[in-house]
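> With the input below, show me the fold.
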Amino acid sequence: MLVHTLSPLLYMIFVKIIQLIPPCPQSKLMKLFRNIHNIFLSILSFFLLLGITFGTYSTGKFNSIHNLLCLSYDNNLMVNRSVYVFLYSKYLEWLDTVFLHLSGKRISMLQYTHHMTTVVTVYVNFMDYVSPYIIVPMGLNCLVHVPMYWYFAFPKGFLYKYRMLITRSQIIQHILVIISAIYTYIMDNCEQNKYGNIIGLLMYFMYLFYFTVFYINSYLKKD
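Model prediction:
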């Protein structure tokens, strides 16, 4: 669909519009909707992880690394539905930026570039058929998002002491996706969607850079 292809431009317009709204960091209503949003995305990520994992298992892709990354899903219904919902969940994640702005916080380059590109990155791995290696980026993304969004909902809760580990897991996620994309690109008989590998590699190298910078600035730099 054209809307998915144009999603980076739509996100840019979206950010311009929400920046016209005055921040309201003390609003109880805003905080309530922010918590509901984060809890919902944590739970949704859990069920999407189950969906893509079960669909991958039912097609025999866990038998080997090559099967996992290269064997076709053969139009598996569970996988198709899971990836379809996953694609549209990336639009829902744009609300992260809304709540960040309304909380009076700066929209970082990490936040901006990440949410601007996730929709089109998923779409190019789904537009003709589901790319055989999509279990890696989607599965890892959902796995990380379960605790990440729960932490966002309850920043002073039990996950507070694991916040560094959550960021580390995001960095590891990006590295694993890059390795998997390179494998599918160089191996014979490992066909993916036409632009899936190239755009996926470019985006995940960018994500790796920004998340690494965030990790260094947040946890390693000393005052």
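> Geometric centre of this protein: which residue is closest?
The centroid of the chain falls nearest to residue 141 when counting by Cα atoms, centre = their mean (5.0 Å).
> What is the helix or strand harbouring it packed up against?
According to DSSP states H and E, residue 141 maps onto helix 135-153. Counting by 3 or more Cβ pairs under 8 Å, 6 or more residues apart in numbering; DSSP states H and E, the packing neighbours recorded for helix 135-153 are helix 28-58, helix 65-70, helix 77-92, helix 163-186. Every residue, glycine included, has its C-beta placed from N, CA and C.
> give the contact list for residue 107.
15, 19, 97, 100-101 (Cβ atoms under 8 Å, 6 or more residues apart in numbering).
> quick one: which of those is nearest residue 121?
Proximity of those to residue 121 (Cβ to Cβ) peaks at residue 97, which lies at 16.8 Å.
> Return the set of buried residues in whichever strand or helix holds residue 122.
Residue 122 belongs to helix 109-123 when assigned by DSSP H and E. Under the neighbour-count criterion of 16 or more other Cβ atoms under 10 Å, helix 109-123 has 111, 113-123 buried.
> returning to what we had before: mind checking which of the contacts of residue 107 are buried?
Buried members of those, counted by 16+ other Cβ under 10 Å: 15, 97, 100-101.
> In TSV, list those residues along with secondary structure.
Below are these laid out as TSV (DSSP: H, G, I helix; E, B strand; the rest coil):
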residue	secondary structure
15	helix
97	helix
100	helix
101	helix
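> tell me which of the residues you listed is nearest to residue 34?
For those, the nearest to residue 34 is residue 100 (9.3 Å; Cβ to Cβ).
> Roughly how far does that closest one sit from residue 130?
31 Å (Cβ to Cβ, to the nearest Å).
> mind checking how far stretch 136-151 is from the chain centre?
Computed by Cα atoms, centre = their mean, to the nearest Å, the chain-centroid distance of stretch 136-151 equals 7 Å.
> Output that stretch as CSV, restricted to C-alpha atoms.
The C-alpha coordinates for stretch 136-151 follow below in CSV (Å, rounded to 0.1, in the frame of the first residue of the first chain):
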residue,chain,number,x,y,z
VAL,A,136,14.3,-12.7,13.7
PRO,A,137,13.5,-9.0,13.5
MET,A,138,9.8,-9.4,14.5
GLY,A,139,10.4,-12.1,17.2
LEU,A,140,13.3,-10.2,18.9
ASN,A,141,11.4,-6.9,18.6
CYS,A,142,8.4,-8.3,20.4
LEU,A,143,10.5,-10.1,22.9
VAL,A,144,12.3,-6.9,23.9
HIS,A,145,9.1,-4.8,23.8
VAL,A,146,7.3,-6.9,26.4
PRO,A,147,9.5,-5.7,29.3
MET,A,148,10.4,-2.4,27.6
TYR,A,149,6.8,-1.1,27.4
TRP,A,150,6.0,-2.6,30.9
TYR,A,151,8.9,-0.6,32.2
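> Show residues contacting it.
38-39, 41-42, 45-46, 48-49, 52-53, 56, 68-69, 82-83, 86, 121-122, 125, 157, 159-160, 162-163, 166, 169-170, 173, 176-177, 180, 200, 204.
> So for it, mean pLDDT?
For stretch 136-151, the mean per-residue pLDDT is 97.
> now do stretch 25-38
96.
> for stretch 173-188, same thing?
For stretch 173-188, the mean confidence score works out to 93.
> Tabulate the CA atom coordinates of it in PDB.
Below are the C-alpha coordinates for stretch 173-188, written out as PDB (Å, rounded to 0.1, in the frame of the first residue of the first chain):
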ATOM      1  CA  GLN A 173      18.600  -7.500  18.900                       C
ATOM      2  CA  HIS A 174      19.900  -5.200  16.200                       C
ATOM      3  CA  ILE A 175      23.200  -7.100  15.900                       C
ATOM      4  CA  LEU A 176      21.400 -10.400  15.400                       C
ATOM      5  CA  VAL A 177      19.100  -9.000  12.800                       C
ATOM      6  CA  ILE A 178      22.000  -7.600  10.900                       C
ATOM      7  CA  ILE A 179      23.800 -10.900  11.000                       C
ATOM      8  CA  SER A 180      20.600 -12.700   9.800                       C
ATOM      9  CA  ALA A 181      20.000 -10.200   7.000                       C
ATOM     10  CA  ILE A 182      23.600 -10.600   5.800                       C
ATOM     11  CA  TYR A 183      23.200 -14.400   5.900                       C
ATOM     12  CA  THR A 184      20.000 -14.300   3.800                       C
ATOM     13  CA  TYR A 185      21.700 -11.900   1.400                       C
ATOM     14  CA  ILE A 186      24.800 -14.000   0.600                       C
ATOM     15  CA  MET A 187      23.300 -17.500   0.700                       C
ATOM     16  CA  ASP A 188      21.900 -19.300  -2.300                       C
END
